[in-house]
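>>> Have a look at this fold, sequence not included:
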């Protein structure tokens, strides 16, 4: 749909260019040029724009579906999941299971540093484990670690 709209805009702009700039043809000649070379070129470009617009719309739709599937998997996972920025260690998102695990609302978890998910005495260990996870991007392993809940430490896979 977007490609077709852009193509119509191109067709009209090209016609207006010829009508007002080049040779001041009539309006009908602007819409359907009598010069076959110009008609073929304009048609070819218009078809290319429509094809590109259609392809772009398909890609956008697939991306949207992929995001929706990811979000459904993330939100409905039975295990706690945290999404952290690899540079800063800041928690960007957490699923409902993470809120249940930590006994904290989502809004309170997002924005924490990943090391704040663990007792302060284990800060060095949690930072080291986080760094190891980043370095092993292809191989993510579960690590037995202590999570810091609102009511105190809890031993759990995190």
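Sure thing, it's come through. Values in this document were obtained by computation on a predicted structure and should not be read as measured data. Residues are numbered from 1 along each chain as shown.

>>> Next up, the contacts around residue 42.
Contact criterion CB atoms under 8 Å, 6 or more residues apart in numbering gives 11, 14, 33 as the residues in contact with residue 42. Placement of C-beta: from N, CA and C, glycine included.

>>> Please apply the same query to residue 95.
Contact criterion CB under 8 Å, 6+ apart gives 74-77, 80-81 as the residues in contact with residue 95.

>>> low pLDDT regions in the chain?
By pLDDT under 70, the low-scoring segments of the chain are 18-19, 22-25, 27, 30, 137-145, 153-158.

>>> Name the nearest of the contacts of residue 42 relative to residue 129.
Using CB to CB, the shortest approach to residue 129 within the contacts of residue 42 belongs to residue 11, at 59.7 Å.

>>> Settle this for me: that closest one is touching residue 46, isn't it.
Yes - at 5.6 Å, residue 11 and residue 46 qualify as touching, with contact defined as CB atoms under 8 Å.

>>> By residue count, which helix of this protein is the longest?
Longest helix in the chain, counting residues (DSSP state H): helix 36-76.

>>> Show me the strands in this structure, by range?
In order along the chain, the chain carries the following strands (DSSP state E): 82-84, 91-94, 144-149, 152-157.

>>> Report the buried residues of the shortest one.
Of the residues in strand 82-84, 82, 84 count as buried by neighbour count, 16 or more other CB atoms under 10 Å.

>>> Export the contacts of residue 42 as TSV, with columns for distance to residue 151 and neighbour count.
Compiled in TSV, the contacts of residue 42 are given as follows (distance: CB to CB, whole Å; neighbours: other CB atoms under 10 Å):
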residue	distance to residue 151	neighbour count
11	67	18
14	69	17
33	77	19
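
>>> Pick out whichever of those sits closest to residue 93.
Sorting the contacts of residue 42 by how near they are to residue 93, with CB to CB, puts residue 11 at the top with 44.7 Å.

>>> Who are the contact partners of the closest one?
Listed by CB under 8 Å, 6+ apart, the contact partners of residue 11 are 31, 42, 46.

>>> which of those residues lies closest to residue 56?
So of the contacts of residue 11, ranked by how close each gets to residue 56 (CB to CB), first place is residue 46, at 15.6 Å.
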